[in-house]
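Student: Below are the sequence and a predicted model; questions follow.
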Amino acid sequence: MLNVGKIEEGFVLDHIKAGKSLGLYEHLQLDKLDCTVAIIKNARSNKMGKKDILKVECDIDMLDLDILAFLDHNITVNVIKNGEIVAKKDLILPREIKNVIKCRNPRCITSIEQGLPHVFFLSDEQKEIYRCKYCEEKYSEPSK
């Protein structure tokens with residue numbers, strides 16, 4: 001049994017889809033923070049089968065909840081103080097996200113103007129569809 005110690009102050013991101021924790025680590029720019037981060041991949045889960053967990057020992061304000069909610073709004077965010085869970089944050093899809101994803105429309109102004117921010121707005125909350133602010137191109141995950 002693997003044992004990862006508890007943190008005194010920070011947050012734990014739980015119920016991350018298995019294999020997605022490194023992508024979250026990069027998007028949340030946790031490598032730029034001067035704090036302790038534990039990445040647990042493929043942990044057993046009764047609810048999900050397998051899951052990832054991120055434990056981060058730093059102020060909760062360092063976490064961009066909008067980016068996290070865009071990436072996966074089903075993640076559980078546990079706020080830790082004095083080694084105990086003091087709050088759970090609910091994630092809701094942000095109305096707008098900036099510079100998290102890029103517009104893939106070659107005719108979009110963001111393809112021509114390099115300094116322009118990539119801004120997407122939530123056009124359909126039920127279907128979780130985001131569109132480019134400039135050309136209204138629908139965002140779709142890049143194919144692998």
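Tutor: Now that the structure is in, tell me what you want to look at.
Student: Low-confidence stretches in this protein?
Tutor: 1-4, 142-144 (pLDDT under 70).
Student: Give me the most central residue, it.
Tutor: Nearest to the mean C-alpha position of the chain, by Cα atoms, centre = their mean, lies residue 68 at 2.5 Å.
Student: State the distance from that one to residue 11.
Tutor: 10 Å (Cβ to Cβ, to the nearest Å). For the C-beta atoms, the positions are set from N, CA and C on the backbone; glycine is no exception.
Student: anything in contact with each of the two?
Tutor: Residues touching both residue 68 and residue 11 (Cβ atoms under 8 Å, 6 or more residues apart in numbering): residue 77.
Student: What segments of the chain are strands?
Tutor: Taking DSSP state E to define them, one finds strands in the chain at 10-17, 36-45, 49-57, 76-81, 84-89, 96-98, 119-124, 129-132.
Student: buried set for the first one?
Tutor: When burial is assessed from 16 or more other Cβ atoms under 10 Å, strand 10-17 yields the following buried residues: 10-14, 16-17.
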